[in-house]
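Asks: fold the following, please.
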Amino acid sequence: MIVTAPALLPLSPPAHPSRKWRWLLPAAIALTLHLLLMFAIDRGIGLPGFPDKDENLHASPTVVSLTPAKQAAPVQTKSKPAMTQHRLRAAAASVLPVQPAESSVPPTEILSMPAPVAAVPAAAMPVAAAETRREPPAIEPDAASYRFSTPPSVTLKYDVQHANAEGQKTYGHGTIRWQVDGERYVIEGDAGVLFISALSFSSSGMIDSQGVAPELYREKRFRKSEINTHFNRERNQISFSASEKSYPRAGGEQDRASIIWQLAGIGRGDSEKITVGAEIPLFVAGIRDGEIWTMRVIAEEEIDTGTGKLRSWHFLRTPKPGSFEQTLDLWLAPQLDWYPVRLRQTEANGAWLDMSMTSLQRASD
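Replies: Below is the predicted model:
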């Protein structure tokens with residue numbers, strides 16, 4: 001048996017490399033673009049937009065509109081909702097800034113520009129002084145007619161009791177100085193507890209035909225800023241550092257400190273009108289506002305002081321309901337030139353400060 005070797009068939013020449021990879025390159029590019037598109041849609045990241053005939057793509061030179069990722073499949077049965085306008089704008093802004101066609105301002109400046117504010121004509125702008133300027137309540141001429149006699153200069157010392165809104169009491173000392181020099185006066189007062197100044201105040205001004213005429217009142221309480229009340233004679237205006245309110249100044253107005261000495265001067269000059277139930281109305285500018293204080297005469301009482309027992313007239317001022325002004329109890333002693341021998345201030349929150357005289361020193365002593 002003769003075995004013959006198979007004939008060797010000629011090998012076909014190898015395929016040209018370009019023909020072998022020709023179909024792989026477009027597939028790889030398509031796959032890459034497809035993956036990028038899916039990633040971009042999933043992350044909400046915008047891609048540059050190009051014109052496309054697909055109805056689901058809306059080409060625009062400044063805004064890119066994308067469809068949800070599920071609609072990228074070749075076969076579609078139902079149309080899905082388009083992306084929200086918010087995501088469309090976010091996608092476009094990351095690549096192509098939105099810019100008005102006729103604007104020459106760079107996109108970064110457009111994004112940082114604040115929203116326009118409509119201009120308000122000057123005539124329509126509110127004027128604070130006009131809105132807050134108030135006419136003081138009228139006081140009957142007969143009720144405001146009193147004879148006045150200026151009390152002599154004196155320095156008064158007091159024992160002080162203070163209670164906060166929770167009723168916790170502390171004790172200390174205080175001083176009130178009343179100084180008169182010709183037609184000018186100065187009041188200086190302070191009340192301290194536990195080596196701390198709980199209240200300090202001052203009032204300065206003139207003595208005129210209506211009695212005490214303040215020009216400046218200052219008040220400083222513990223842990224609070226100083227507050228000023230101005231009685232401007234040139235502009236005839238009363239104003240406050242703690243508010244924008246103002247009142248016209250007509251004369252006879254008082255502040256929280258001067259009212260005590262105005263009453264003392266009325267007691268010295270017109271004591272016949274100090275009777276139980278009598279009421280003395282005075283316009284008082286507080287620290288933020290002004291109103292009529294009706295000082296009602298409660299009774300003539302005997303009180304203990306550092307100089308012994310004294311017969312004193314008890315005056316009471318009660319603020320209107322809802323007011324944040326203080327209640328004031330005041331005792332004036334006729335036998336001591338109507339000096340204030342006791343004072344009690346009660347705040348709207350229930351805190352109070354009581355000052356009882358322990359000694360006095362006249363300027364002539």
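Asks: how close does the nearest residue to Q262 once chain neighbours are set aside sit to H314?
Replies: The shortest distance from Q262 to any residue that is not its chain neighbour, by Cβ to Cβ, 6 or more residues apart in numbering, is 4.6 Å, and that residue is V212. The way it works is simple: take the backbone N, C-alpha and C, and place the C-beta from them, glycine included. Taking Cβ to Cβ, to the nearest Å as the criterion, V212 is separated from H314 by 21 Å.
Asks: tell me which of those two has more neighbours.
Replies: Taking neighbours as other Cβ atoms under 10 Å, V212 and H314 compare with V212 leading, 29 against 17.
Asks: so which strand or helix has the more buried one?
Replies: Taking DSSP states H and E as the criterion, the element that holds V212 is strand 211-221.
Asks: what's the distance between the residue nearest to D255 when sequence neighbours are not counted and G251?
Replies: Nearest residue to D255, sequence neighbours excluded (Cβ to Cβ, 6+ apart): Y217, at 3.7 Å. Using Cβ to Cβ, Y217 is found at 16 Å from G251.
Asks: neighbour-wise, which of these two wins?
Replies: Set side by side, Y217 and G251 show unequal neighbour counts under other Cβ under 10 Å, the larger going to Y217 at 27 against 13.
Asks: pretty sure that one contacts T229?
Replies: Yes - taking Cβ atoms under 8 Å as the definition, Y217 is a contact partner of T229 at 4.2 Å.
Asks: overlap in contacts, those two.
Replies: 255, 285 (Cβ atoms under 8 Å, 6 or more residues apart in numbering).
Asks: buried ones in the longest strand belonging to the chain?
Replies: Ranked by residue count and defined by DSSP state E, the top strand of the chain is strand 290-305. Taking 16 or more other Cβ atoms under 10 Å as the basis for neighbour counts, the residues of strand 290-305 that come out buried are 290-291, 293, 295-297, 305.
Asks: now these in a markdown table, with distance to R362?
Replies: Putting the buried residues of strand 290-305 into a markdown table (distance: Cβ to Cβ, whole Å) gives the following:
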| residue | distance to R362 |
| --- | --- |
| G290 | 33 |
| E291 | 34 |
| W293 | 28 |
| M295 | 25 |
| R296 | 29 |
| V297 | 26 |
| T305 | 16 |
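Asks: returning to what we had before: list the strands paired with the longest strand of the chain, with their directions.
Replies: Based on DSSP bridges, the strands next to strand 290-305 in the sheet, each with its direction, are strand 279-285 (antiparallel), strand 308-317 (antiparallel).
Asks: turn those into JSON lines, columns for mean pLDDT.
Replies: Supplementary listing: those in JSON lines, determined by pLDDT from 0 to 100:
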{"stretch": "strand 279-285", "mean pLDDT": "94"}
{"stretch": "strand 308-317", "mean pLDDT": "95"}
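Asks: what residues are bridge-paired with A299?
Replies: H314.
Asks: so it touches H314, yeah?
Replies: Yes - in this structure, A299 is within contact of H314 by Cβ under 8 Å, at 5.4 Å.
Asks: now the buried residues of strand 290-305 as JSON lines including pLDDT and distance to T150?
Replies: Putting these into JSON lines (pLDDT from 0 to 100; distance: Cβ to Cβ, whole Å) gives the following:
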{"residue": "G290", "pLDDT": "90", "distance to T150": "24"}
{"residue": "E291", "pLDDT": "90", "distance to T150": "26"}
{"residue": "W293", "pLDDT": "92", "distance to T150": "21"}
{"residue": "M295", "pLDDT": "96", "distance to T150": "19"}
{"residue": "R296", "pLDDT": "96", "distance to T150": "24"}
{"residue": "V297", "pLDDT": "97", "distance to T150": "21"}
{"residue": "T305", "pLDDT": "89", "distance to T150": "23"}
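Asks: ok, so what distance separates the closest residue to I298 other than its chain neighbours from V297?
Replies: Computed as Cβ to Cβ, 6+ apart, the closest residue to I298 that is not its neighbour in sequence is H314, at 4.2 Å. In this structure, H314 and V297 are separated by 7 Å, where distance is defined by Cβ to Cβ.
Asks: returning to that earlier point: so how far is G252 from the residue nearest to Q262?
Replies: Taking Cβ to Cβ as the measure, V212 and G252 are separated by 9 Å.
Asks: okay, now the residue nearest to I196 when sequence neighbours are not counted: neighbour count?
Replies: By the measure of Cβ to Cβ, 6+ apart, the closest residue to I196 outside its immediate chain neighbours is F222, 6.1 Å from it. Using other Cβ under 10 Å as the criterion, F222 is surrounded by 13 other residues.
Asks: likewise for G277?
Replies: The local packing of G277 (other Cβ under 10 Å) involves 8 other residues.
Asks: from R342, how far out is the residue nearest to it when sequence neighbours are not counted?
Replies: The spatial neighbour of G277 that comes closest, neighbours along the chain excluded (Cβ to Cβ, 6+ apart), is V297 at 6.4 Å. Taking Cβ to Cβ as the measure, V297 and R342 are separated by 15 Å.
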